[in-house]
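# Return a 3D structure for these sequence lines:
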Amino acid sequence: MLLSMAAIGANEFHEGQTTRRLPEARSKSLHIVQCCVRYAESVQYQGLTLNALSTVSGSSERRVRDAFYECCGMSPTSYFRLVALCEVRRRLVALPHEYDTVARAASDYGFWHLSRFAGQYRTLFGESPHETLMRSRCVATPLPAESG
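Below you'll find the predicted structure:
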């Protein structure tokens, strides 16, 4: 449940609702997090390191970590893992025929350990990524018209 609540928070922050959610966040922390988010989006959450986030934000690694805790209530690693999981789910639901396997969708967002990915996905969304993909394909496939 805590992971689900954190994911909702990550999704709200990621979708630009930070001013409503985080009025107490200092503007410098918010700026650091926004720089890191833009960078992470540009690389599709792949190969993110605290060193890279530090470089793009122009802040020390400790300051980046502190900014994420202040604005998001979690570490940058946890935050970006949640956002990437949400992005994979969004893709599986919105574009089910674009992905022949869950592995392809997962690897597009930097998940290389598929069993770990599947476990995190199930914990967060209550179903396996394969179940999401199959359900989305059923919904996206129109039924044949009845003749009569």
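
# Output the below-cut-off pLDDT ranges for this protein.
The chain contains residues with pLDDT under 70 at 1-25, 140-148.

# Do a quick rundown of the helices in it.
Assigned by DSSP state H, the chain shows helices spanning 2-14, 18-21, 27-42, 50-57, 61-72, 76-94, 102-108, 114-125, 129-140.

# can you redo those helices as CSV with mean neighbour count?
No exception for glycine: its C-beta is placed from N, CA and C like everyone else's. Putting the helices of the chain into CSV (neighbours: other C-beta atoms under 10 Å) gives the following:
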stretch, mean neighbour count
helix 2-14, 16
helix 18-21, 12
helix 27-42, 17
helix 50-57, 17
helix 61-72, 19
helix 76-94, 20
helix 102-108, 18
helix 114-125, 16
helix 129-140, 16
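
# Surely Ser128 is in contact with Gln120?
No - using C-beta atoms under 8 Å, Ser128 is not in contact with Gln120; the gap is 11.1 Å.

# any common contacting residues for those two?
With contacts taken as C-beta atoms under 8 Å, 6 or more residues apart in numbering, not a single residue reaches both Ser128 and Gln120.

# residues in contact with Arg89?
Counting by C-beta under 8 Å, 6+ apart, Arg89 has contacts Tyr121, Phe125, Pro129, Thr132.

# Go ahead and confirm the second one touches Thr132.
Yes - with the criterion set as C-beta under 8 Å, Phe125 and Thr132 qualify as a contacting pair; they are 7.0 Å apart.

# Break the protein into its domains for me.
Domain assignment of the chain by automatic domain parsing yields the ranges 2-80, 83-140.

# can you tell me which residue is nearest the centre of this structure?
The centroid of the chain falls nearest to Val83 when counting by C-alpha atoms, centre = their mean (1.5 Å).

# ok, now how distant is that residue from Asp100?
Counting by C-beta to C-beta, to the nearest Å, the separation of Val83 from Asp100 is 24 Å.

# Same check on Ser59?
41 Å.

# Then Ala94?
The gap separating Ala94 from Asp100 is 16 Å, by C-beta to C-beta.

# Kindly report the same for Asn51.
Using C-beta to C-beta, Asn51 is found at 35 Å from Asp100.
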